[in-house]
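Trainee: next input, structure requested:
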Amino acid sequence: RQLIDRARNVRDHAIQFEWRSDAASRASFALFQFGVDAFRAAAMVTVLFSDLSIGMMFAIFGYLWFMLTPVQEMLNMQYAWFAANAALGRINRLLDLKEEPRYPALENPFRDRHTVGLTLRNIHFAYGEEQVLRGINLELAPGEKVALVGASGGGKSTLIQVILGMYTPQQGEVLIDGVPVERIGLPCLREHVATVLQHPALFNDTVRQNLTLGRDKPDAALWDALRIAQLDGTVAAMHDQLDTVIGRQGVRLSGGQRQRLAIARMILSEPSVVILDEATSALDAETEFQLHRDLEAFLKQRTTLIIAHRLSAVKQADRACVFEDGRIIEEGHHDELIAKEGLYAQLYGERQM
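Mentor: Now for the predicted structure:
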């Protein structure tokens, strides 16, 4: 409702501005034309009551016209300058934005390895004056699955952005198999780390293109990824199957189908590290159970970081880390954390299956 009201308000302001601009333009032209006609009338009266000849009058008109042309061009230049100056201000603000750091690719810990370890060492990050991450220390062994849980706003998603290099921490470092990201390079890091978000980015293209992102993949691999993601039946029922256009941001799919399509895309990329950020939040319990069951073999040999609120997703991990106010306050297996009767027990104690 608020979005519709804002859109209507923008439309009304645009109509008012267009009307006022057109009225001002017409009034300016009318005033100019009135001045020219008044000068002509004065010239004709002067011819009648003085020794000014008609030829001299036309000569004055010609001189006046030659004078008005450059004046009009100067006015047009002024109008263009005001319009360009506003656009230039927006461009300059864009150019003033700080670029992400460009690290040299000195080492590649992913080379010839199926998966790698991930270490976060004393990570601090703040949005302006608001401290979000406060000394995060976390280590994932190669092939280990770790769940990050906690109340919304605790800093879990921000930590994912730091791992991917989207945000640069004010203090601390991210290491892959003991190698700092600054020696790996962000392109190499992002090539081997796959992230599935709660609201995945999808393109107004076919299922095939959203899965492969332009890479050459055999249809058998696509169907296998869709099978693991519990989406093969849905795609098979579509009129054009893999060549079905899903619309902008996957508008022709449900929320759960969009998430499963993103999971299938992640499977096809064969990453070394997997990050699932509320990746199954829109699925029903039965579909989620089947998805985790079929996905287990794929994730078994891959370092995996799971952000979730559902207990069913958290219990897939080898251990869980509990976030609160930008810190890890509890860590351990599900049963151990329940026994501690801390924040984890408050979140999941009554939901045990």
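Trainee: ok, now which ones touch the residue lying closest to Leu202 once chain neighbours are set aside?
Mentor: The shortest distance from Leu202 to any non-neighbouring residue, by CB to CB, 6 or more residues apart in numbering, is to Gly250 (3.8 Å). C-beta here means a position set from N, CA and C on the backbone, and glycine is covered the same way. Residues in contact with Gly250 (CB atoms under 8 Å, 6 or more residues apart in numbering) are 200, 202, 210, 257-258, 261.
Trainee: for Ala264, give me phi and psi.
Mentor: Main-chain dihedrals, Ala264, degrees, to the nearest 10: phi -60, psi -40.
Trainee: how far out from the middle of the chain is the helix or strand Asn9 falls within?
Mentor: Taking DSSP states H and E as the criterion, Asn9 maps to helix 2-49. Here helix 2-49 shows a centroid-to-chain-centroid distance of 43 Å under the convention CA atoms, centre = their mean, to the nearest Å.
Trainee: before we move on, what about stretch 127-144?
Mentor: Put simply, stretch 127-144 sits 21 Å off its chain's centre (CA atoms, centre = their mean).
Trainee: ok, now stretch 82-98?
Mentor: Stretch 82-98 sits 21 Å away from the centroid of its parent chain (CA atoms, centre = their mean).
Trainee: re earlier: rounded mean pLDDT for the helix or strand just after the helix holding Asn9, please.
Mentor: Remark: after helix 2-49, the chain's next helix or strand is helix 54-95, criterion DSSP H and E. Mean per-residue pLDDT for helix 54-95: 80.
Trainee: just for the stretch 201-350 of the chain, where's the confidence low?
Mentor: 349-350 (pLDDT under 70).
Trainee: show me where it has its strands.
Mentor: Taking DSSP state E, counting those that start in this stretch, the strands of the stretch 201-350 of the chain run over residues 273-277, 303-307, 319-324, 327-332.
Trainee: which secondary structure elements does the second one sit against?
Mentor: Counting by 3 or more CB pairs under 8 Å, 6 or more residues apart in numbering; DSSP states H and E, the packing neighbours recorded for strand 303-307 are strand 145-150, helix 156-163, strand 273-277.
Trainee: beta-bridge partners for the residue nearest to Val193 when sequence neighbours are not counted, please?
Mentor: For Val193, ignoring the flanking residues on the chain, the nearest one in space by CB to CB, 6+ apart is Val273 at 4.4 Å. Beta-bridge pairing of Val273 under DSSP bridges involves Val193, Thr303.
Trainee: how far away is Val273 from Leu343?
Mentor: Distance of Val273 to Leu343, given as CB to CB, to the nearest Å: 27 Å.
Trainee: ok, the two, which is more surrounded?
Mentor: Between Val273 and Leu343, counting by other CB atoms under 10 Å, Val273 is the more crowded of the two (22 against 18).
Trainee: sheet partners, orientation included, of the strand or helix carrying Gly135?
Mentor: If you go by DSSP H and E, Gly135 is part of strand 130-140. Neighbouring strands of strand 130-140 in its sheet, by DSSP bridges, are strand 118-127 (antiparallel).
Trainee: in the partner strand, which residues are buried?
Mentor: For strand 118-127, burial by neighbour count (16 or more other CB atoms under 10 Å) applies to 118-121, 123-126.
Trainee: list the contacts for Ala320?
Mentor: Neighbouring residues of Ala320 by CB under 8 Å, 6+ apart: 146-149, 314, 330-334, 337, 344.
Trainee: pull the number of nearby residues for the closest residue to it other than its chain neighbours.
Mentor: Once flanking residues are discounted, Ala320 sits nearest to Ala147: 4.3 Å by CB to CB, 6+ apart. Using other CB under 10 Å, Ala147 has 23 other residues around it.
Trainee: Ala147 bridge partners, please.
Mentor: Residues in a beta bridge with Ala147, per DSSP bridges, are Ile306, Ala320.
Trainee: for it, give me the pLDDT.
Mentor: Predicted confidence (pLDDT) for Ala147: 86.
Trainee: rewinding a little: I'd like to know which of the contacts of Ala320 are buried.
Mentor: Looks like the contacts of Ala320 have 146-149, 314, 330, 332, 334, 337, 344 buried, using 16+ other CB under 10 Å.
Trainee: pick the one among those residues closest to Met74.
Mentor: Closest approach between the buried ones among the contacts of Ala320 and Met74, by CB to CB: Leu148, at 63.1 Å.
Trainee: from Glu182, how far out is the closest one?
Mentor: 24 Å.
Trainee: cool, and Gly117?
Mentor: Using CB to CB, Gly117 is found at 17 Å from Glu182.
Trainee: more neighbours: these two, which one.
Mentor: Of the pair Gly117 and Glu182, Gly117 is the one with more neighbours under other CB under 10 Å, namely 19 against 15.
Trainee: surely that one touches Glu139?
Mentor: Yes. If you go by CB atoms under 8 Å, Gly117 and Glu139 touch, sitting 7.2 Å apart.
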